[in-house]
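I need the structure of the sequence given here:
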Amino acid sequence: MRYLIIFLLISLRLSAQTDTLHIKTSAVCDQCKKTLENDISFVKGVKDVKLDVKSAILTVVYDAAKVTPDKIRVAVTKSGYDADTLKADEKAYKRLNECCKKPMMHQE
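Numbering: from 1, shown residues only. Below is the predicted model:
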């Protein structure tokens, strides 16, 4: 019984540290989805990551005791994508497949 109580207390403590972050990215295709979900899954403290390609929203479930939202956003930029107001790392952006790059805006 004592071990069960200890296990439950640890489980409650761990679940209390998990949080969810929604990041607006510059992702445009399924290759972007694959890249971002793979890269961000390796960030220490990230528990789950999913990109909705249509909305370009990256949803990240993370351990708040191990990583901050800002560190996750920086990791997104290091993958070559914008993350909310942060712009993509230029070198990483240049390495992206052509299909993953933002459409050029036409000036009138």
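
Where does pLDDT dip in this structure?
1-16, 104-108 (pLDDT under 70).

any idea whether Asp48 is helix, strand or coil?
Secondary structure, DSSP: H, G, I helix; E, B strand; the rest coil: Asp48 is strand.

what's the neighbour count on the spatially closest residue to it that is not a sequence neighbour?
The shortest distance from Asp48 to any non-neighbouring residue, by Cβ to Cβ, 6 or more residues apart in numbering, is to Val61 (4.1 Å). All C-beta atoms are positioned from the backbone trio N, CA, C, and that covers glycine. Residues lying near Val61 (other Cβ atoms under 10 Å) number 14.

could you measure Val61 against Ala83, distance?
16 Å (Cβ to Cβ, to the nearest Å).

go on, Cys29?
Look at Cys29 and Ala83: by Cβ to Cβ, they are 17 Å apart.

Look at those two and report which has more neighbours.
Between Cys29 and Ala83, counting by other Cβ under 10 Å, Ala83 is the more crowded of the two (25 against 13).
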